[in-house]
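*Asks:* Sharing a model that was predicted from the sequence below.
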Amino acid sequence: MKKILVTGATGKVGRRFVPRLVRWEGADAVRILVRDETKAADLAGLGVDVVQGDLREQAARVKALQGVDAVVNVAAALRGVPDEEAYAVNRDAAVELGRDAAEAGVRRFVQTSTNLVYRGGLGRPAVESDELRPDASWGAYAASKAQAEEELRELELPLVVVRLAFVYGEGDTHLAQSLQWAGQWASHQRLPVVHHADASQSLWRAVRTPGIEGRAYNAVDDAPITAYDLHELHGVPQPEGAAAREAGDPWEGHASNARIRAELGWRPLYPSVWTARDAGAL
């Protein structure tokens, strides 16, 4: 690929992905679209091409896409934002970016999605061919991501989707923040996760692997972490009565990584949170 455009470069995933992409591809091959150039100063220092603009504005998208061979759409409005913002960024802007990218003739469009897009009650980890029907309890984030996938597939676009599990590591406070939910869980309820290093390599392989247009891949580590272990990891006392709680669907949010292993050659550098902790990569 001569030029790869990355959106969401100053977010949790993008900020860790772009430096790796520079190492793998070279700074001349990387362009980022950012709303606030001051937040991208460290990334600009790597030598990447910085385009200032809002993903929701066509002029910015068209400018960023000039001369681009591939797109990795990492931009996302996560939990805690108004629903309308989640849909505007996660669905509407993503689809418009896909439409503009198709017109620009890009050869690969990688859409970053989430493992929360699957319906529950499967009785097993979700696989990529399962129906996209996120539970309403996951809110606008999961719903907007699922709808973005469906609408992007309707375009004449060389699309590859990567569905990330709960991303953590490298100073990201995401894992600690999970305690606000895990405190209400049964002790044995499990959270599927993926380390930032492994999320990054999944996106890169999705860009680079030939002949996978139209495919989706789950990027999830080998060992989910339990609510009990989340509290232990952060030195927080176990909630009273957590051991006696019902866990509900034991497979909720869980997804298989068999396809990404088989087709992209992906292997997690950190198969579990404990591996990352022992390596000093939390």
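*Replies:* Sure thing, it's come through. Bear in mind the structure is a predicted one, so any value in this text is a computation, not a measurement.
*Asks:* residue boundaries of the strands in the stretch 1-150 of the chain?
*Replies:* 4-7, 30-34, 49-52, 70-73, 108-114 (DSSP state E, counting those that start in this stretch).
*Asks:* repeat for the stretch 151-282 of the chain
*Replies:* Counting by DSSP E, counting those that start in this stretch, the stretch 151-282 of the chain forms strands over residues 159-164, 166-168, 190-191, 193-195, 216-219, 225-226, given from the N-terminal end onward.
*Asks:* Residue 281 is nearest to which of those?
*Replies:* Residue 281 sits nearest to strand 193-195 of all those, at 6.8 Å, using Cβ to Cβ. Where C-beta positions appear, they are placed from N, C-alpha and C, glycine not excepted.
*Asks:* For the closest one, name the packing helices and strands.
*Replies:* Strand 193-195 makes packing contacts with strand 166-168 when contacts are defined by 3 or more Cβ pairs under 8 Å, 6 or more residues apart in numbering; DSSP states H and E.
*Asks:* Residue 256 reaches residue 218, doesn't it?
*Replies:* Yes - proximity of residue 256 to residue 218 meets the contact threshold set by Cβ atoms under 8 Å, at 6.1 Å.
*Asks:* The two: which is more packed in?
*Replies:* Each of residue 256 and residue 218 has its neighbours counted (other Cβ atoms under 10 Å); residue 218 has more, 29 against 16.
*Asks:* so what's the nearest residue to the more buried one once chain neighbours are set aside up against?
*Replies:* Nearest non-adjacent residue to residue 218, counting by Cβ to Cβ, 6 or more residues apart in numbering: residue 255, 4.0 Å away. Taking Cβ atoms under 8 Å, 6 or more residues apart in numbering, we find residue 255 in contact with 115, 118, 125-127, 163, 165, 192, 218, 220.
*Asks:* Show me which of those are buried.
*Replies:* By neighbour count, with 16 or more other Cβ atoms under 10 Å, these hold 115, 118, 125-126, 163, 165, 192, 218, 220 as buried.
*Asks:* List just the nearest of those to residue 134.
*Replies:* The nearest one, if we look at the buried ones among the contacts of residue 255 relative to residue 134 and count by Cβ to Cβ, is residue 118, at 7.0 Å.
*Asks:* mind listing what the closest one touches?
*Replies:* Taking Cβ under 8 Å, 6+ apart as the criterion, residue 118 is in contact with 126, 130-134, 255.
*Asks:* can you tell me how far it sits from residue 57?
*Replies:* With the distance defined as Cβ to Cβ, to the nearest Å, residue 118 ends up 32 Å from residue 57.
*Asks:* For the residue sitting nearest the centre point of the chain, which residues are in contact?
*Replies:* Compute the mean C-alpha point of the chain, and by Cα atoms, centre = their mean the closest residue is residue 164, 4.2 Å away. By Cβ under 8 Å, 6+ apart, the contact set of residue 164 is 13, 112-115, 194, 199, 202, 219-220.
*Asks:* go again using 10 Å as the cut-off
*Replies:* Residues in contact with residue 164, defined by Cβ atoms under 10 Å, 6 or more residues apart in numbering, are 13, 74, 76, 112-116, 145, 192-194, 196, 198-199, 202-203, 217-220, 255.
*Asks:* burial of the residue nearest to residue 170 when sequence neighbours are not counted, as a residue count?
*Replies:* The shortest distance from residue 170 to any residue that is not its chain neighbour, by Cβ to Cβ, 6+ apart, is 5.0 Å, and that residue is residue 196. Close neighbours of residue 196, defined as other Cβ under 10 Å, add up to 24.
*Asks:* Do a quick rundown of the helices in this protein.
*Replies:* Under the criterion DSSP state H, the chain contains helices at 12-25, 41-44, 58-65, 83-86, 94-104, 139-152, 174-177, 179-182, 196-208, 227-233, 258-264, 273-278.
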